[in-house]
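In: Got a sequence here, can you build the structure:
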Amino acid sequence: MQIQISDGKGAIYMHIEIAGAGLAGLTAAAAFGAAGCSVRVHEKGSNLREIGAGIYLWENGLRALEAIGAYDEVVSRAEKVEVPFLRDHDGSTLQDEWLRNHRLYTVGRRHLYQSLLNAAHRQGVEIVTDSSVTGATPNGTLTTADGREYRADLAIGADGVFSKVRDSLGLRQKLVDLRDGGGRHLIPRTGDDPVHQTIEQWNGGRRIGIIPCSPDETYVFLCCPANDIEGRKQNPFNAATWIESFPEFRSQLERIPFDTEGRWAPFHDVHVSQWYSGRTVLVGDAAHAMSPNLGQAACVAMTNAVALAISVTNSSSIDFALGSWQEGQREMSEGVQRYSRVYGKVGTMWPKGLLDARSALVRKLTASRRVQGSINFAAERFPAGQIQRIDTPVGVVREDVLA
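Out: Predicted coordinates:
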């Protein structure tokens, strides 16, 4: 059965099929919906929900939210950060000048997710649950586990680190377990927690983050290398071992329930040959999964999703638009991935006997304008242009389900 997406006068407009209703997929859906496209999102789970605790939203991520009309809702329950502190093993400050005159908010991931979901719904996006995408073809067709095919003018794989869309197209080069990871927790916020500040502190191979992310919640992250067996215990939570490493944060660590829902999750890098094949493209972790050490993984994913919509809706040729989009965004994305990986190695894979040397090195590096610029360049780069309404027909029908 063919369903024509029409303006009532017989004109056919662009249709988008998306695999994955995560942050990248919903951002892409809202962006193309804002352009007047017909958009359908496939979510493999039975429920629409975000797993995780808190998240950093740097300038690039905030601009992506503005572009799709989700900014006001997101920041209504977010914490505006004035100073993000990085501290070493003795509590002294290594860095407190990350912002470089741009905005930074922290927010609960579930609130961010609901805000993106609301933005997508406002644009008429259709979201189908229990729809597991198992593959794709370069002609813009997604295949689901029940054997159905969904054809589009543009198909988007936003299906994460272990993307079935990417792998079915043969685009994956490497998927690297970084032997580093973290647990994420939300705790009730009290007067012991920072206000308009975030604190990350290192001790040996462990890192802790104390991040206010809403009026009543604080986000705590606990990172350690994969071989730190005691540090990896997140459910049940082993508070004693973390209090031993970070006694100044006893208050926060004791607020993490013993039977927390949190879990230690490994970090991965994804490397691909291309971000697209024909009319099927990759966004988010499917294209460039990275460790979250710079707080940019989600921001880069959302930025690239909006950049894709800007490129496609400002061009008369989808093929040209995809090449232009990749050229404009890939170098930045892979640079963030690289610097995040280095950050993790310095913060996690460092001999305990050389912690003072690490502190001296980090102070020296972060004082460098070049290093500051390299760490901040993603936050300071956002694609030029705006999402344009598609007011002329593109001539392709939406083929709803092809047996």
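In: Which secondary structure element of the protein has the lowest mean pLDDT?
Out: strand 2-3 (a mean of 30; mean pLDDT, DSSP states H and E).
In: can you give me the helices in this protein?
Out: For the chain, the helices defined by DSSP state H occupy 23-34, 59-67, 71-75, 109-122, 164-168, 229-232, 239-245, 250-253, 285-288, 297-313, 318-348, 355-366, 369-376.
In: Give me the distance between the third one and the centre of its chain.
Out: Mean C-alpha position of helix 71-75 versus that of the full chain (CA atoms, centre = their mean, to the nearest Å) differs by 17 Å.
In: just checking, what packs against that helix?
Out: On a contact count with 3 or more CB pairs under 8 Å, 6 or more residues apart in numbering; DSSP states H and E, helix 71-75 meets helix 59-67, strand 104-108, helix 109-122. (Each C-beta comes from the backbone N, C-alpha and C, glycine too.)
In: got the angle for the last one vs helix 23-34?
Out: Interaxial angle of helix 109-122 relative to helix 23-34 (axes from the mean of the first three to the mean of the last three CA atoms, to 10 degrees): 20 degrees.
In: which of the residues in helix 109-122 are buried?
Out: R109, R110, H111, L112, Y113, Q114, S115, L116, L117, N118, A119, A120 (16 or more other CB atoms under 10 Å).
In: Which of the helices of the chain comes out lowest on mean pLDDT?
Out: Lowest mean pLDDT of the helices of the chain: helix 369-376, a mean of 76.
In: ends of stretch 144-158, how far apart?
Out: 14 Å (CA to CA, to the nearest Å).
In: on that earlier part again, out of the helices of the chain, which comes closest to E261?
Out: Ranking these by proximity to E261 (CB to CB) places helix 109-122 first, at 11.9 Å.
In: For T280, name its beta-bridge partners.
Out: A155, S277 (DSSP bridges).
In: Low-confidence ranges, the stretch 51-200 of the chain, go.
Out: Low-confidence segments of the stretch 51-200 of the chain, defined by pLDDT under 70, are absent.
In: ok, 80 please
Out: Low-confidence regions of the stretch 51-200 of the chain, defined by pLDDT under 80, span residues 51-52, 98-101.
In: that older thread, of the helices of the chain, which approaches F382 most closely?
Out: Using CB to CB, the helices of the chain put helix 59-67 closest to F382, at 4.7 Å.
In: Figure out how far the closest one is from the centre of its chain.
Out: So, by CA atoms, centre = their mean, the centroid of helix 59-67 is 12 Å from its chain's centroid.
In: Please apply the same query to stretch 328-343.
Out: 13 Å.
In: What residues of it count as buried?
Out: Here stretch 328-343 shows 328-330, 332-337, 339-341, 343 as buried, counting by 16+ other CB under 10 Å.
In: In CSV: those, plus distance to L282.
Out: Below are the buried residues of stretch 328-343 laid out as CSV (distance: CB to CB, whole Å):
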residue, distance to L282
G328, 15
Q329, 12
R330, 11
M332, 16
S333, 11
E334, 13
G335, 18
V336, 16
Q337, 14
Y339, 21
S340, 19
R341, 19
Y343, 24
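In: from those residues, which is closest to V195?
Out: After measuring the buried residues of stretch 328-343 against V195 - CB to CB - the closest member comes out as Y343, at 25.7 Å.
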